[in-house]
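Sequence first, then the predicted structure:
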Amino acid sequence: MPASLEERYIRLEVMSGKNLQVPSWRMPAGISISIIVDSQGCWKSVISVLSSNQSVVWGDTVTLPSHTSPALSVEIRASHEVDRTLGNGEVIGKLQMSWDELLDHGDESFNLSFPPVRNVCPSLTLRAAAVHACDDQDSTLSDHFQSVLDQCPVGHPDHAAALTNLAHACLEGYIQNHLQDINTTTSLFRKSLALRPQGHPDHASSLYNLIRALIWCYSKESTTVCIHESVQLCCKLLPLCPQHTYFYSIGVDGQQLRPKAHDKLAWALSIRFQQCGDIDDVDETIQLRREAVFLCPEGYSYCSSFLNNLAFSLEKHFDNQGKPNDLDEAITLFEESLHLQPVGHESRDVALDNLGGALVVRFKRRGDIDDITRAIILRCEALTLCPPGHPSRDTILGNLALALKTRYNKSYVSEDLNEAIDLYRESHLLKRLDNPERHITLHNLSTVLCFRSAHTWKNGDVQEAIQLCQEALVSLPSLHPDRHFSYGGLKDAYLSRYQIYHDPADLSLAVENFRLSSQHPTQGFPDHIIEAYKWTTAAEQHRHGSALEAYSTFFELLDAHLATRLSATSRREAAAAFHYARSLPVDAASCAICSGNLQHALELVEQGHGQQWLLASQLKTPVEDLESANPKLAQDYLELSKRVSNAAQSSATIINRAAADRAATEYRRLTRQWETVIAEIRDLQAFSQFLLPPSYEDLQAAARHGPVIILIASQYSCSAIIIPTSGDPHNVPLPSVSLTELNNLKDRFAKAIRHVSVMGPKPCLVLECFDMHAVKWHTRKTEVFHQLLRDSYYVMREVGPDIRPSIAVMKVQVKLGQADI
């Protein structure tokens, strides 16, 4: 080039840029280039939208005077507003170079590389040429805006931008725990959004800013309303995000890029599912994340994260629906993610652990020893990648211990259990006292110590298990959902100690923790029902006086659970999850008979069978009846039920004691409102027993035309209860009859009915049952039954453990010499 540039000009074409990452992780509205020639002369390109692969195309040209300065400065800046920028934006990269360096490339385009940002070097593609005249003097003075909000009052054109910048500063302080008032931050973002309504060029970015703040609020405060609002805002944002733009690719948490805005909405929906349990949210999350994976560019650095997200959603779907294909696909996705994180990758330990966890789940379901063996190998490798001092070592230790404990449950190799205990101990020692997940390690260690105590009868193990569970409870607020599991751990520990010393006090303590775990408000009906079922089993096994209470608790919980399902199909699906409890109606009745409470025995039988008649005959739920009679009260009941559940669940990760106390107060307030609505419902005509089991007086109405005989055949005893037209019921024990005998005789009795031609002068015999294959009759004491046949109209109903809710109601009538089935 010529030696002197006096009075000469340089034409510079800014073509494009790539690898443009913002250091602060803020989401830019666009990217611009500034060329600074001297202290006063500056040219600025247009603001161009960043694409999903962090690239920008400009095509801007400027003619610069080369004689005013020996060098020039090139800056890449991120603008956080489209229409007006308060200040010059955020610097992504800055380089100073001489005019000679600029012109060394001739007429060819060239790449200019900048210092790395987040481990990637931004670069620009430029073309420069010397010209003799300044035919395009685009250089202008840069506008410098004040960043203080009080200098941009309401009505100022930059007021919204000033609000946004202040809000971002507040949010960063909140993220770093320097600022506790998140409500002020979200308020600033809301004001900015209000000033940028739909149609405004910065409306989408303002929506995103508020979503980001709300999700940070949820992550720290577990405020349910935040995640619900973020879902609604995400739904508004998606249609405003044209494909291949940065808005369409940014992640919901603001911490990493996504190939699709869909992943943002999927994340929020998955959180909402944890709060509300609506399986539709999981289905939609899977859909959104499939699209994210499909649209992920090849070689994109976050592809493994998208695969993991989809795999976790499929695992969640499997947990709730039990479809094996979901779990198999999740494992395949985890394997693909691991393939993208080879030896040496900084996140390989996480990928190994995730795949190992899915294999543990599949082993529990299918029992394939290869799955659990591989899971242990994977987690051992993950542990080697987390040496002492690594921040994830305590987590990997606990997960490896879980895999070993799972294999022990199948193979009973003591070495696995002992190693699991050692790993849990080390994980526990690494957990700081203020670690929010420390109680989980305490619970897990308590569980394996109880396992070992059951086989070795070591009192030291069970004593330590009890202390660990008590320590976990002390660390948790009253409405923390994991108290449910700590109560469960305590009752297991007390039962273990009872089996060693047979001290009735330990059994009483175990029962008290059964009560607490089956009624803790932060868990849903399914968890409560499972705990109540375990309670019935333990009380029967150890002949504890709480057995009847346990049965009643189970039926009340199942009643409430089924009442929330508004279709017959959903009720059957909900009940199918508890198929192992089919015998509970007759087991409960047998328990009540042994206690001498025949009326309660009948009430329990009818309550249990009422649920199954409801399923079998597709009858309406009490809520559906209420909707017909009083729609407003039904709506109040459903809404308050949801709010009570949400209020309890929202305390999931609250660590701050003051916040936990506020959550507990809110829960109690909503519970009182719910109880008030229940009382109003029961004041309505025909709804006095709303969500209550039928009373003996209600059942006796069925015997107004003659006695009703209910034959109760359970694993504990066999007997018949006769309900007279008035007065107390009568029990006819059948001590010499076993359930097996009755099972053999039921077919003979059913066959005999079909051949009866004459039943005497009385009108008819009616046999009602859910499933003819489940009828259990006995032919002894026939004089009682024959007398009833001769003297009265009656209804005889079987009660047995093998009720199948999917079978339709069947009725057999024998009338005046002819048999009709």
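It's in.

hey, let's count contacts and neighbours off CA atoms from now on
Noted.

any weak-confidence spans in the stretch 151-300 of the chain?
173-181, 218-225, 227-228, 231, 238-265, 267-269, 271-278, 295, 297-300 (pLDDT under 70).

Show me where the stretch 601-750 of the chain has its helices.
622-629, 631-649, 657-682, 696-700, 739-755 (DSSP state H, counting those that start in this stretch).

Now Ile722: closest residue in space that isn't a chain neighbour?
Ile709 (4.5 Å; CA to CA, 6 or more residues apart in numbering).

Beta-bridge partners for the one you found, please?
For Ile709, the beta-bridge partners are Ile722, Met796 (DSSP bridges).

what number of residues lie near it?
For Ile709, the neighbour count with other CA atoms under 10 Å is 23.

Next one: it from Ile369, what distance?
Noted for Ile709: a distance of 51 Å to Ile369, by CA to CA, to the nearest Å.

Next: Ser187.
Distance from Ser187 to Ile369, by CA to CA: 55 Å.

With Lys491 instead?
Where Ile369 is concerned, Lys491 sits at a distance of 30 Å (CA to CA).

Settle it for me: which of these two has more neighbours?
Lys491 (27 against 15).

check which helix or strand covers the more buried one.
helix 483-501 (DSSP states H and E).

Buried residues, that helix. List them.
483-499 (16 or more other CA atoms under 10 Å).

Return the list of helices and strands in contact with that helix.
Packing partners of helix 483-501 (3 or more CA pairs under 8 Å, 6 or more residues apart in numbering; DSSP states H and E): helix 438-456, helix 459-475, helix 504-519.

so can I have CSV of those helices showing mean neighbour count, mean pLDDT and distance to Leu327?
Below are these laid out as CSV (neighbours: other CA atoms under 10 Å; pLDDT from 0 to 100; distance: least, CA to CA, whole Å):
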stretch, mean neighbour count, mean pLDDT, distance to Leu327
helix 438-456, 22, 88, 24
helix 459-475, 20, 89, 32
helix 504-519, 21, 93, 29
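
What separation is there between the closest residue to Thr447 other than its chain neighbours and Pro481?
Nearest non-adjacent residue to Thr447, counting by CA to CA, 6+ apart: Gly489, 6.5 Å away. Noted for Gly489: a distance of 14 Å to Pro481, by CA to CA.

would you turn the helices and strands packed on helix 483-501 into TSV with distance to His203?
Formatted as TSV, these follow (distance: least, CA to CA, whole Å):
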stretch	distance to His203
helix 438-456	42
helix 459-475	44
helix 504-519	46
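
Can I get the helix or strand that contains Leu95 in CSV, CA atoms only?
Applying DSSP H and E as the criterion places Leu95 in strand 90-98. C-alpha atoms of strand 90-98 as CSV (Å, rounded to 0.1, in the frame of the first residue of the first chain):
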residue,chain,number,x,y,z
GLU,A,90,-22.4,-4.4,26.3
VAL,A,91,-19.0,-5.1,24.9
ILE,A,92,-18.5,-8.6,23.4
GLY,A,93,-15.1,-7.9,21.9
LYS,A,94,-12.6,-5.1,21.3
LEU,A,95,-9.5,-4.8,19.2
GLN,A,96,-7.2,-2.0,18.2
MET,A,97,-5.3,-2.1,14.9
SER,A,98,-3.4,0.0,12.5
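
I'd like to know which elements the very next helix or strand once past that strand is packed against.
Downstream of strand 90-98, the first helix or strand assigned by DSSP H and E is helix 99-103. Where contact means 3+ CA pairs under 8 Å, 6+ apart, helix 99-103 is packed against strand 123-131.

For the strand it packs on, buried residues please.
Buried, per 16+ other CA under 10 Å, within strand 123-131: 123-130.

ok, of those, which one's closest to Ile440?
Ser123 (47.2 Å; CA to CA).

Pull the number of nearby residues for the residue nearest to Pro387 when sequence neighbours are not counted.
The shortest distance from Pro387 to any non-neighbouring residue, by CA to CA, 6+ apart, is to Arg393 (6.7 Å). For Arg393, the number of neighbouring residues by other CA under 10 Å comes to 21.

Could you report the separation of Thr441 from Ile709?
54 Å.

So His105: helix, strand or coil?
coil (DSSP: H, G, I helix; E, B strand; the rest coil).

ok now do it, which residues does it touch?
If a contact means CA atoms under 8 Å, 6 or more residues apart in numbering, then His105 has Ala128 as its contacts.

Can you report how many residues lie near Lys18?
Quick note: Lys18 (other CA under 10 Å) scores 20 neighbours.

List the backbone torsions phi and psi for it.
Note on Lys18: backbone dihedrals following degrees, to the nearest 10 are phi -150, psi 170.

residues contacting it?
53-56, 122-124.

Need the nearest residue in space to Arg432, chain neighbours excluded.
Arg438 (7.3 Å).

what sits against that neighbour?
Contacts of Arg438 (CA under 8 Å, 6+ apart): 428, 431-432, 472.

possible to save these as TSV with distance to Pro23 and secondary structure?
Converted to TSV, the contacts of Arg438 look like this (distance: CA to CA, whole Å; DSSP: H, G, I helix; E, B strand; the rest coil):
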residue	distance to Pro23	secondary structure
His428	36	helix
Lys431	32	coil
Arg432	31	coil
Ala472	41	helix
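
What subset of the residues you listed is buried?
For the contacts of Arg438, buried by 16+ other CA under 10 Å: 428, 431, 472.

Excluding residues flanking it in the chain, which one is nearest the last one?
Right, Ala472. In space, and not counting its chain neighbours, Ala472 is closest to His439: 4.7 Å by CA to CA, 6+ apart.

Gln341 too?
According to CA to CA, 6+ apart, the nearest residue to Gln341 is Arg348 (5.4 Å).

Start and end of stretch 477-489, how far apart?
17 Å.

The strand holding Leu95 to strand 123-131, inter-axis angle?
40 degrees (axes from the mean of the first three to the mean of the last three CA atoms, to 10 degrees).

Identify the neighbouring strands of strand 90-98 in the sheet and state each direction.
strand 71-79 (antiparallel).

Let me see the residues that make contact with the partner strand.
22, 28-38, 47, 85, 88-99.

Any chance you could give me it in PDB, C-alpha atoms only?
The C-alpha trace of strand 71-79 is given here as PDB (Å, rounded to 0.1, in the frame of the first residue of the first chain):
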ATOM      1  CA  ALA A  71      -5.000   3.400  14.300                       C
ATOM      2  CA  LEU A  72      -8.700   2.500  14.800                       C
ATOM      3  CA  SER A  73     -10.600   0.500  17.400                       C
ATOM      4  CA  VAL A  74     -13.200  -2.100  16.400                       C
ATOM      5  CA  GLU A  75     -15.800  -3.100  19.000                       C
ATOM      6  CA  ILE A  76     -18.600  -5.700  18.900                       C
ATOM      7  CA  ARG A  77     -21.500  -4.700  21.200                       C
ATOM      8  CA  ALA A  78     -24.700  -6.300  22.300                       C
ATOM      9  CA  SER A  79     -27.700  -4.100  22.400                       C
END
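
Thanks again, I'm all set now.
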